[in-house]
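**Student:** When you get a sec, could you give me coordinates for this:
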Amino acid sequence: MSLLRVSMMLAGLAVLAGCATPLEQCLYAAERDQREISRELDERRGNLQRGFRIERVLTPVMESGFCVNAEGVLEPCMRWEHETRETHHRINPELEAERIALLERQLAREDGRVAQAAATCRATYPAE
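**Tutor:** Sure thing, here's the model as predicted:
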């Protein structure tokens, strides 16, 4: 999982923890693995359709621009920015199809587990 994806998930959790009800937090936690499997399944299906996997890396690059100095005046400067670079990797279509089939089976099992966990959440935290 990329660092960007992890930081986005953590930011989402921080927001969720701040304003979500206990029932919503419980349901969100119960569905975590299901969401992860679904994301990977979507990615793998895209890989198979394209014929290659895309690796995205956030890369620091030095760029020229304008900065505000101590007196509040704009002046030319160099600063670090980040850009996403993509690298394409060939895949083995047969292995990718096998992985997709495995993920589909895992997702079907997870759907049943999530239904049970959601029922437990609703029993523990009745409608508020």
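**Student:** Helices along the chain, start to end?
**Tutor:** 3-19, 22-30, 32-50, 93-124 (DSSP state H).
**Student:** Let me have those helices in JSON lines, extended by mean neighbour count, distance to residue 78 and mean pLDDT.
**Tutor:** (C-beta placed from N, C-alpha, C; glycine too.) Shown next, in JSON lines, are the helices of the chain (neighbours: other Cβ atoms under 10 Å; distance: least, Cβ to Cβ, whole Å; pLDDT from 0 to 100):
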{"stretch": "helix 3-19", "mean neighbour count": "11", "distance to residue 78": "24", "mean pLDDT": "54"}
{"stretch": "helix 22-30", "mean neighbour count": "15", "distance to residue 78": "42", "mean pLDDT": "92"}
{"stretch": "helix 32-50", "mean neighbour count": "14", "distance to residue 78": "36", "mean pLDDT": "96"}
{"stretch": "helix 93-124", "mean neighbour count": "13", "distance to residue 78": "42", "mean pLDDT": "95"}
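**Student:** Could you dump these into CSV with distance to residue 79 added?
**Tutor:** Output for the helices of the chain, formatted as CSV (distance: least, Cβ to Cβ, whole Å):
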stretch, distance to residue 79
helix 3-19, 20
helix 22-30, 37
helix 32-50, 33
helix 93-124, 40
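**Student:** mind checking which of those is nearest residue 76?
**Tutor:** helix 3-19 (29.5 Å; Cβ to Cβ).
**Student:** is residue 89 in a bridge, and if so with what?
**Tutor:** Note on residue 89: beta-bridge partners by DSSP bridges are residue 53.
**Student:** picking up where we left off before, do you know which of the helices of the chain lies nearest residue 71?
**Tutor:** That would be helix 3-19 among the helices of the chain, by Cβ to Cβ, at 34.6 Å.
**Student:** Once you drop chain neighbours, what's closest to residue 107?
**Tutor:** residue 37 (4.9 Å; Cβ to Cβ, 6 or more residues apart in numbering).
**Student:** now what about stretch 33-41, what contacts it?
**Tutor:** 100, 103-104, 106-107, 110-111, 113-114 (Cβ atoms under 8 Å, 6 or more residues apart in numbering).
**Student:** With residue 74 as the reference, name the closest of the helices of the chain.
**Tutor:** Across those, closest to residue 74 is helix 3-19 (Cβ to Cβ), at 30.1 Å.
**Student:** That concludes my questions; thank you for your assistance.
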